[in-house]
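Colleague: sharing a sequence plus its predicted fold:
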Amino acid sequence: MEVLAKESARWLRQAEYDLKAADWNLEGGFFAPACFLAQQGAAKSLRAYLFLKKEDTHETKSVVELLERAVTYEEAFKQFISPSGRLDIHYKTSRFPDSLPGGIPSEVIIERDAREAIVVAGDIIRAVEAARKEYMPETI
């Protein structure tokens, strides 16, 4: 269990870093990268949680799919499934010009998109942090 706890902690630290980087990009006016980093932070935090449940999560990049798996252990994650669909949209549309008809991510993704993505990701990360503390209070 200790190995899983350490790996979980590594993924959560990176998730927290990604969220901080998303905030930094938002403040600098780089909304598309902020959306991508928010999506990554949410996904990595859910991986951190699922490591504790001995799940291999490398086959998916979808926050919604990771949440659906997390819900099997913790019903509280269900509240994030609907708003996380937008995070998953940002996985590709925030980075690749051919993912958007007639534009590029830096011209189409706006501040509101980035703010919303950061809020949802932050909520998920905090929920993961709380769930990890309940699951392993003596090691976290």
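Modeller: Alright, I've got the coordinates.

Colleague: now do the contacts for the residue nearest the centre of the chain.
Modeller: By Cα atoms, centre = their mean, the mean C-alpha position of the chain lies nearest to residue 42, the distance being 1.0 Å. Residues near residue 42 by Cβ atoms under 8 Å, 6 or more residues apart in numbering: 15, 63, 84, 87, 120, 121, 124, 125. Backbone N, C-alpha and C define where each C-beta goes, glycine included.

Colleague: state the pair within these that is farthest apart.
Modeller: By the measure Cβ to Cβ, 15 and 84 form the most distant pair in those, at 13.9 Å.

Colleague: what's the distance between the residue nearest to the centre of the chain and residue 125?
Modeller: As judged by Cβ to Cβ, to the nearest Å, residue 42 and residue 125 stand 7 Å apart.

Colleague: try residue 109
Modeller: For residue 109, the distance to residue 125 - Cβ to Cβ - is 21 Å.

Colleague: and if you look at residue 34?
Modeller: Spatial separation of residue 34 from residue 125 under the definition Cβ to Cβ is 15 Å.
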